[in-house]
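1. starting from these lines, generate the structure:
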Amino acid sequence: MKVLIADKFEQHGMDALQALGVEVLYQPDLKDATLAEALAATKADVLVVRSTKVTDAILDVSELSLVVRAGAGYDTIDVKGASRRGIYVSNCPGKNAVAVAELTFGLILSLDRRIPDNVAELRAGKWNKKEYSKSRGLHGRTLGILGFGSIGQEVARRAQAFGMNLAIWSEIGVQLGHDGLPADLPQVVHLRASTGDAEAPTVTVYDTPAEVAAHCDILSVHLALNERTRGLINADVFNQLKPGSFFVNTARGEVVDYKALEAAAKEKGLRVALDVYGKEPATPSGDFVDSLIDLPGVYGTHHIGASTEQAQQAIAAETVRIIDAYFRTGRVPNVVNLSRKTPATHVLVTRHQDRPGVLAHVFDRLREAGINVEETENIIFADAEAAVARIGIIGEPPADVVAAIKSGNPHVLDVHVVAVT
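-> Modelled structure (predicted):
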């Protein structure tokens, strides 16, 4: 098996891959045409990328069977194109959650205490203690979290340590515990709530992003990018924020309408901190122009949310685990492009002796009848003398087809059909 790594990757991860016995090709500067050429030339089985785009055209010239996104999001990969070609797409969810949450709180603290402005004035030789003593503080304020996946939950944990209230919305929903609090929050929060302590932080789950915006002092975005979330944080959401509120985005630039954000920052005096932008340079370094960043009260970092040594080591280890599982078992952890619901309408359950040609006989009869097989599971009994094949199919097979399967091979013991509910 050949693994082509087309982005920067931890050395210990490459060492671990080589220890598996796979051939590792490390070419971290590939992109676009050069990536396509490398895939065609090397005939790699597995591609590992971080920010490098994997387009339909690139997939078309490859012989890939697996693409691993060494990170959480996978919007830079043409998942539909991979699915059409039977190529697995896998990612490393949650491995950078702590790193992004840490940067998020660094940005929130920077907004509240104006840390970058403090530093800039000191470096310019100016002392202004009176001005920079002005701060609201975080304790008792409400942090709105849009997106309650692994990163949103890590942000919530840190917010509770600061004594902040939470207002939450998530497109995947929020699982509530018996006490009405999100089940994924630290147990100490549940215990505080159960004591009736009036000073305990509150947690409220809302139905829309706009409702969260209306009830928070700080709004932080932690949404994955997809067709449902693209441009979701728009003027309707910003209009609900109170004047002087904070807005933080460490997720994806495309989930936010930045023109609407810029207008709100000017009109409502929002203080803004961003790690991602609507348009970012294609290279690691270069010129950057953004009118939003030029506004007073707006801070920015260089899309570094996941870029800690701890996060990169964890992502490398998870990438190795994915490729190891695929190499040894043919199964892929964290697959993002498998059908969640089978299209099969019926299951043909065939009990048979574990002999060569039995399943070929079953499939031949189905093929002759024009019945498509959607999925197959063959379960072997102890001692490998018998097995049960569960074959998902479209449509109920006619009685004569079932009879032909049952009687046409001496090793078929029983056949019956079950409708998928």
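
2. next, count neighbours for the nearest residue to E385 once chain neighbours are set aside.
-> Spatially, and ignoring its direct neighbours in sequence, E385 is nearest to D354 (6.0 Å; C-beta to C-beta, 6 or more residues apart in numbering). Glycine gets a C-beta too; all of them are placed from N, C-alpha and C. Neighbour count for D354, taken as other C-beta atoms under 10 Å: 14.

3. L25 now?
-> Neighbour tally, L25, other C-beta under 10 Å: 18.

4. do K80 as well
-> Neighbour tally, K80, other C-beta under 10 Å: 11.

5. where does it land in three-state SS?
-> helix (DSSP: H, G, I helix; E, B strand; the rest coil).

6. hang on, the earlier thing: quick check: the residue nearest to E385 touching A384?
-> Yes - with contact defined as C-beta atoms under 8 Å, D354 counts as touching A384 (5.3 Å).

7. how about A82: what's its closest non-neighbour residue?
-> V89 (4.9 Å).

8. looking at this, the one you found is in a strand?
-> Yes - counting by three-state DSSP, V89 is part of a strand.

9. okay, and the beta partners of it?
-> With DSSP bridges as the criterion, V89 is bridged to V67.

10. contacts only, for it.
-> V89 makes contacts with L66, V67, R69, Y74, I77, V79, A82, S83, V335, V336, N337, as judged by C-beta atoms under 8 Å, 6 or more residues apart in numbering.

11. tell me how far the last one lies from V89.
-> Read that as N337. According to C-beta to C-beta, to the nearest Å, N337 stands 5 Å off from V89.

12. joint contacts of those two?
-> What both N337 and V89 touch, as defined by C-beta under 8 Å, 6+ apart, is the set V79, A82, S83.

13. I'd say the last one and N337 touch.
-> Yes - taking C-beta under 8 Å as the definition, S83 is a contact partner of N337 at 4.7 Å.

14. so for those two, which sits in the more crowded spot?
-> Neighbours per residue, other C-beta under 10 Å: of S83 and N337, the larger number sits with N337, 18 against 15.

15. tell me the SS of that one?
-> N337 ends up coil, using three-state DSSP.

16. next one: I168
-> Quick answer, by three-state DSSP: I168 is strand.

17. can you pull up the bridge partners for it?
-> Applying DSSP bridges, one finds that I168 bridges with I145, V205.

18. and it, how many neighbours?
-> 22.

19. list the contacts of the nearest residue to N372 once chain neighbours are set aside.
-> Closest residue to N372 apart from its sequence neighbours, by C-beta to C-beta, 6+ apart: I394 at 5.0 Å. By C-beta under 8 Å, 6+ apart, the residues touching I394 are P343, A344, T345, H346, I371, N372, E374.

20. separation between I394 and V420?
-> 10 Å.

21. please identify every residue contacting each of these two.
-> A344, T345, H346.

22. hmm, which of those are the buried ones?
-> Of the members of those, the ones counted as buried by neighbours, 16 or more other C-beta atoms under 10 Å, are A344, H346.

23. which one of the shared contacts of I394 and V420 is nearest to V61?
-> A344 (32.8 Å; C-beta to C-beta).

24. mind listing what the closest one touches?
-> By C-beta under 8 Å, 6+ apart, the neighbours of A344 are E374, E375, G392, I393, I394, V420.

25. now do the domain split for this structure, please.
-> 2-95+310-329, 97-305, 346-419 (automatic domain parsing).

26. a markdown table please, covering these and showing mean pLDDT.
-> Output for the domains of the chain, formatted as a markdown table (pLDDT from 0 to 100):
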| stretch | mean pLDDT |
| --- | --- |
| domain 2-95+310-329 | 95 |
| domain 97-305 | 89 |
| domain 346-419 | 95 |
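
27. can you count the residues close to the nearest residue to T376 once chain neighbours are set aside?
-> The shortest distance from T376 to any non-neighbouring residue, by C-beta to C-beta, 6+ apart, is to I391 (5.1 Å). Using other C-beta under 10 Å, I391 has 24 other residues around it.

28. quick check: beta-bridge partners of I391?
-> L348, T376.

29. pretty sure it contacts V358?
-> No - in this structure, I391 is not within contact of V358 by C-beta under 8 Å, at 11.8 Å.

30. now the common contact residues for those two.
-> T350.

31. got a list of what D112 touches?
-> Contacts of D112 by C-beta under 8 Å, 6+ apart are S135, R136, G137, L138, F246.

32. any idea what sits nearest the fourth one, other than its immediate chain neighbours?
-> If I follow you right, that is L138. F162 (4.8 Å).

33. tell me how many other residues surround the one you found.
-> 16.

34. so it is in contact with G137, correct?
-> No - applying C-beta under 8 Å as the test, F162 and G137 come out as separate, 9.3 Å apart.

35. quick one on the thing from earlier: among the contacts of D112, which ones are buried?
-> Burial by neighbour count, 16+ other C-beta under 10 Å: within the contacts of D112 this picks out L138, F246.

36. follow-up on the earlier one: restricted to buried residues, select the contacts of V89 in PyMOL.
-> To isolate the buried members of the contacts of V89 in PyMOL, using 16+ other C-beta under 10 Å:
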select buried, resi 66+67+69+74+77+79+82+336+337
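
37. and the contacts of V89, which is closest to G13?
-> Of the contacts of V89, the one sitting nearest to G13 (C-beta to C-beta) turns out to be R69, at 14.0 Å.

38. I'd say the closest one and C92 touch.
-> Yes - with contact defined as C-beta under 8 Å, R69 counts as touching C92 (7.0 Å).
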